[in-house]
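> how does the following fold in three dimensions:
(2 chains)
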Amino acid sequence: MAFKQVTSPHAHSAQSTAKVMQLVIWATVPGILALTWQFGWGSLINVVIASVTALICEAIAVKMRGRSVAFYLSDYSALVTALLLALSLPPLAPWWIIVVGTVFSIVVAKQLYGGLGYNPFNPAMVGYVVLLISFPIQMTTWVAPLALLPEGISHPGLVESLQIVFGSINPVDGVTGATPLDVFKHSSGLLVDQVYEREPLFNLAMFAGAGWEWVNIAFLAGGLILLSNRIFTWHGPLGMLGALALMSVIFYDSGSSTSPGTPMMHLFSGASMFGAFFILTDPVSSAVSNRGRLIYGALIGVLVYIIRAWGNYPDAVAFAVLIANFAAPFIDNYTLPRTYGHTDRRRATEKEEG
Amino acid sequence: MNKTWVTPGGVHPPENKLQSVTQGIGQLPIPETLVIPLSQHIGAAAIPCVEVGQSVLKGQVIAKPAGVVSIPMHAPTSGTVSAIEHRPIAHSSGMLAPCIEITSDGADTWIEHEGISDYEHISPTKLVEMVGNAGISGMGGAGFPSAVKLNPGRQRPIDTLIVNATECEPYITADDSAIRERAAEIVEGIKILSAILGHPHHIMIGIEDNKPEAIEALAPHVEGTGISVVVFPTKYPSGGEKQLIYILTSKELPSGKLPADIGMVCINIGTTYAIKRAIIDGEPLVSRVTTVTGDAVGIQRNYDTLIGTPVSHLLAHNEYNEQAGGRVVMGGPMMGFTLPSADVPIVKTTNCILAPSYAEIPDDEPAQPCIRCGMCAEACPASLLPQQLFWYAQAQDHERLEAHNLFDCIECGACSYVCPSNIPLVQYYRAAKGEIRHAQDEKVKADHARERFEFHKERIEQAEREKEEKRAARREAALKAKAAAAEKPADKSDSAPSSSAADIIAAAQARAAAKQVSPEDQQAKLERTIAAAEQRLIVAEQKLAEAIESNSDKQAVLSAAVENTRQKLQQSKTKLAELTA
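Okay, here's the model as predicted:
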């Protein structure tokens, strides 16, 4: 009798990369629902266009690299990238914006670096930044949230939305509008209280901006689902949200006319929750150890605030994440955990003594 | 109730222990032939002391220990020695190793043997010697000779004795069933250990809470003995020596150290039973409890198995279905290794033969890329970063691997178990450790060669220098002599030079005589040298064995030291032989 030779361990848990990715996709559902409810069909259309583009690009790239297409498509990672990019893009953005961004994400940021597991930068954020820099007008035109639509006007229906996306008609006036972060960026001269009183975006909201707070709450909920399933640990998200909250408390400036906005607004508008739970938790491009991820998250939180408050862009998650991606290997060198039986943490760059 | 501490990481694979533990420990018919490998332990292989054709009795010594870190082997049953040759053994590489084959006569006749009951009055040294003579090596893990472990030396007093009854590997129930049926003898064995170690302050039996029957069985026997049964939550790999020490004492075993260095001895509970049998009953270790389990066998239970029983014998008697599963594992599903064939024998460390069906343990999925999700780091009981180790193992970056404490990896397999990308992580670490050890070996060799070369060069240069100096001196002397001769040619007398030459010869002879020592003195000196070298060899071997056990990266250096000492010893012995001849 000759037996099969296999290396230990022989038992394996049922977890798989595909299942992890699927769970991430499911966890975006609350966010997608909130976006669709508050901003119309745009986000869903983004998701469909990006997903189709991503799968085609991934298949072609994998094929050209001489790998098994079925094997690599079945890990769902291309879909996750597409989804994350699609949800960061403005609803009702022209179709080619989405296609260009997705192609860049999948082909350049992911496959050219060696595919899944080898990309030093978050592919979705690379795509997003390329678009933001290349097409600033399309990228900064957001749809107005439900509560702020002018009397008698509603979000365009599905067919109408598709017509807008594919460029055959233009959206009706009043359908687009500023985001809470835009408002604060351009409201110098007004006290924070005055902004809250005058701007319908705030006086129709609970605490952080009409529509946006719901979207952020939904992404927070999705993130907590992932956290409870141990897809990632709390370190990264808490690091970012903690640092962002701390920065916005320190620089709140008691609500003066130069204040960059309230802590609640910073935590619950823009891409704060989405970034904290879905973007910086991308394990491939982040730091690896728990302590490393805490620092990595905090770095992103600080950068997000700096760029929002004093930079040229109203929101900054994409830039902050990419800059932190650069720093991740450096952070890794200094954040090794203390191994059992050792008194001190070591450095990854340590040379053998003697 | 003793306090316990929680280790980081760990996993909870399905336990699968119930199926093999319900029937109690069974007995199999004696196999026709038994194969006893000469090396079933860490240390030097035993040396056969029987001949082919010789008849042996059960318990008779068939191989003698080779050195301090070695153990004797005993005939597991009565019969005839039918072969002494290389056979396949239970090793993950499927290699052949020297074995003694015994054809049993079916009578299972014991050799005359006698134990002692009043071990309290026997010196610990004598007890340790008895443990060594009984051929006992650790029965839970690597198989470290117990006599060596129980002899930590006076500079390392033992304060805590930990008996490992964790049995955290899924499927295995050998210790569990042994405790249920042999609790009294096990506790007796622990008391003997306690006597050997000078009655340590703390004696703890560490056991997971998934063995309530075993815990209950131990309770009446430990009452009033000072031995505490410490129960803690089930989690793999709590039974790892380092993990268990932390769980029970909150102390960490410093990297590269042995438990004895921090005043502890950690011993498997199966070994305590063997020690009881050895001391009280005078029986050497010839059998052990082995679990036969997995859905590919029809009967799943524990057997009191003779050492040397071929695995095929166990499988055949338990309705093994070849079609049902593809692999047969010696050990558990986490750390066990697949057997190359069913011809290999059960050894002293074999706690389980696992024949899983395809449904239980399917063939491995192809590995996907690592996405550094960090689930492995969450599962690692040693707080390593498996994903980084994997990365650097692929890159063969030895410096980074060492900085990431590769050698603190206990190869428990928790990282591979949770890996969503099905990467055989542990395999990468084993390979990387091998590479690093090999590189260090080479370095030691290269250093040695370089030293010899430099010494050689130095010697040649020295000789050259001395020659040159002599030449210069002679030249000068000649010049002086010429000058002197030129000055007073008349004074030259005939006797002076010859007398001075005679003086020189006489002086040289006297020096030689002084140097010459009587042969007796020389012999005595050589014998002293040999004795000292033997001592050094013992110490060096012990250090090497400890290094192997603690998985230290100094193994290469130490094994070179052992080799060196051995060679010097050999040289002295040859000289002595020449002298006495």
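
> before we move on, what SS does B:Asp261 have?
Following DSSP: H, G, I helix; E, B strand; the rest coil, B:Asp261 is assigned to helix.

> tell me, how many residues neighbour the residue nearest to it when sequence neighbours are not counted?
Leaving aside its sequence neighbours, B:Asp261 sits nearest to B:Arg156 (Cβ to Cβ, 6 or more residues apart in numbering or on different chains; 6.4 Å). Any C-beta I mention is one placed from the backbone N, CA and C, and that applies to glycine too. Residues lying near B:Arg156 (other Cβ atoms under 10 Å in any protein chain shown) number 16.

> what's the answer for the one 4 residues further on, then?
As a burial measure, the neighbour count of B:Thr160 was computed by other Cβ under 10 Å and equals 20.

> doesn't B:Ala260 make contact with the residue nearest to B:Asp261?
Yes - here B:Arg156 reaches B:Ala260: they are 4.7 Å apart, a contact under Cβ atoms under 8 Å.

> sec struct for the residue nearest to B:Asp261, please.
Secondary structure for B:Arg156, judged by three-state DSSP, is coil.

> cool, and B:Pro362?
B:Pro362 - assigned by three-state DSSP - is coil.

> rounded mean pLDDT for stretch B:45-59, please.
Here stretch B:45-59 scores 92 as its mean pLDDT.

> please apply the same query to stretch A:242-253.
Across stretch A:242-253, pLDDT averages out at 92.

> just list the residues touching residue 268, thanks.
Let's take chain A. Contact analysis of A:Phe268 by Cβ atoms under 8 Å, 6 or more residues apart in numbering or on different chains lists A:207-209, A:212-213, A:216-217.

> sorry, I should have been clearer: chain B.
B:Asn268 neighbours (Cβ under 8 Å, 6+ apart): B:138-141, B:163-164, B:175.

> on that earlier part again, which of the contacts of A:Phe268 sit farthest apart?
Among the contacts of A:Phe268, the pair separated by the greatest distance (Cβ to Cβ) is A:Gly209 and A:Ile217, at 11.7 Å.

> more neighbours: which of these two?
A:Gly209 (29 against 17).

> look at residue 7 and say how many residues are nearby.
Just so you know, I chose chain A. 17.

> meant chain B, my bad for not saying
22.

> can you tell me which residues in the stretch 451-581 of chain B are near chain A?
Listed as neighbours of chain A in the stretch 451-581 of chain B under the rule Cβ under 8 Å from any Cβ of the partner chain: no residues.

> so which residues of the stretch 451-581 of chain B form helices?
Under the criterion DSSP state H, counting those that start in this stretch, the stretch 451-581 of chain B contains helices at B:495-515, B:519-549, B:555-580.

> mind giving me the domain split of chain A?
A:16-177, A:178-334 (automatic domain parsing).

> and the residue of the stretch 201-350 of chain A nearest chain B?
Nearest to chain B, among the residues of the stretch 201-350 of chain A, is A:Gly341, at 3.9 Å (Cβ to the nearest Cβ).

> hang on, the earlier thing: can I get the domains of chain A in a markdown table with distance to B:Asp397?
Listed next are the domains of chain A as a markdown table, based on distance: least, Cβ to Cβ, whole Å:
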| stretch | distance to B:Asp397 |
| --- | --- |
| domain A:16-177 | 16 |
| domain A:178-334 | 13 |
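
> of all those, which one comes closest to B:Pro88?
domain A:16-177 (35.9 Å).

> can you tell me if the closest one touches chain B.
Yes - Domain A:16-177 reaches chain B (Cβ under 8 Å from any Cβ) through A:16-17, A:19-20, A:71, A:75, A:77, A:115-118.

> buried subset of these as a ChimeraX selection?
In ChimeraX, this line selects whichever of the residues of domain A:16-177 next to chain B come out buried by 16 or more other Cβ atoms under 10 Å in any protein chain shown:
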select /A:16,17,20,75,77,115,116,117
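
> closest to chain B among the residues of domain A:16-177 next to chain B?
A:Gly117 (3.3 Å).

> ok but the closest one is inside a helix, no?
No - with three-state DSSP as the criterion, A:Gly117 is coil rather than part of a helix.

> look at the residue of the stretch 201-350 of chain A closest to chain B and give its secondary structure.
Taking three-state DSSP, the label given to A:Gly341 is coil.

> for it, give its distance to A:Phe202.
Note on A:Gly341: its distance to A:Phe202, by Cβ to Cβ, to the nearest Å, is 56 Å.

> for chain A, which spans come out with low pLDDT?
A:1, A:188, A:352-354 (pLDDT under 70).

> just the CA trace of whichever helix in it runs longest, in CSV.
The longest helix of chain A (DSSP state H) is helix A:42-64. The C-alpha trace of helix A:42-64 is given here as CSV (Å, rounded to 0.1, in the frame of the first residue of the first chain):
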residue,chain,number,x,y,z
GLY,A,42,-26.6,56.4,-10.0
SER,A,43,-24.6,54.3,-7.6
LEU,A,44,-26.2,51.1,-8.7
ILE,A,45,-25.4,51.9,-12.3
ASN,A,46,-21.8,52.7,-11.3
VAL,A,47,-21.6,49.3,-9.7
VAL,A,48,-22.9,47.4,-12.7
ILE,A,49,-20.7,49.2,-15.2
ALA,A,50,-17.6,48.9,-13.0
SER,A,51,-18.2,45.2,-12.3
VAL,A,52,-18.6,44.2,-16.0
THR,A,53,-15.5,46.3,-16.9
ALA,A,54,-13.5,44.8,-14.1
LEU,A,55,-14.3,41.2,-14.9
ILE,A,56,-13.5,41.7,-18.6
CYS,A,57,-10.2,43.5,-17.8
GLU,A,58,-9.2,40.9,-15.2
ALA,A,59,-10.0,38.1,-17.6
ILE,A,60,-7.9,39.6,-20.4
ALA,A,61,-5.0,40.5,-18.1
VAL,A,62,-4.9,37.1,-16.5
LYS,A,63,-5.1,35.4,-19.9
MET,A,64,-2.3,37.5,-21.2
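
> packing partners for it?
On a contact count with 3 or more Cβ pairs under 8 Å, 6 or more residues apart in numbering or on different chains; DSSP states H and E, helix A:42-64 meets helix A:29-39, helix A:69-73, helix A:77-88, helix A:95-103, helix A:158-165.

> of those, which is nearest A:Pro283?
Of all the helices and strands packed on helix A:42-64, helix A:77-88 sits nearest to A:Pro283, with 11.1 Å by Cβ to Cβ.

> any idea how far the closest one is from the chain center?
9 Å (Cα atoms, centre = their mean, to the nearest Å).

> circling back: any idea which of the helices and strands packed on helix A:42-64 is most buried?
Of all the helices and strands packed on helix A:42-64, helix A:77-88 has the most neighbours on average by mean count of other Cβ atoms under 10 Å in any protein chain shown, namely a mean of 27.

> which helices and strands does that helix pack with?
Counting by 3+ Cβ pairs under 8 Å, 6+ apart, helix A:77-88 packs on helix A:17-27, helix A:29-39, helix A:42-64, helix A:95-103, helix A:123-134.

> pull out the CA atoms of it and give them to me as PDB.
The C-alpha trace of helix A:77-88 is given here as PDB (Å, rounded to 0.1, in the frame of the first residue of the first chain):
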ATOM      1  CA  SER A  77     -11.200  40.200  -5.900                       C
ATOM      2  CA  ALA A  78     -11.800  42.000  -9.200                       C
ATOM      3  CA  LEU A  79     -15.500  42.400  -8.200                       C
ATOM      4  CA  VAL A  80     -14.500  43.900  -4.800                       C
ATOM      5  CA  THR A  81     -12.200  46.400  -6.400                       C
ATOM      6  CA  ALA A  82     -14.900  47.400  -8.900                       C
ATOM      7  CA  LEU A  83     -17.500  47.700  -6.200                       C
ATOM      8  CA  LEU A  84     -15.300  49.900  -4.000                       C
ATOM      9  CA  LEU A  85     -14.400  52.200  -6.900                       C
ATOM     10  CA  ALA A  86     -18.000  52.400  -8.100                       C
ATOM     11  CA  LEU A  87     -19.200  53.400  -4.700                       C
ATOM     12  CA  SER A  88     -16.700  56.200  -4.400                       C
END
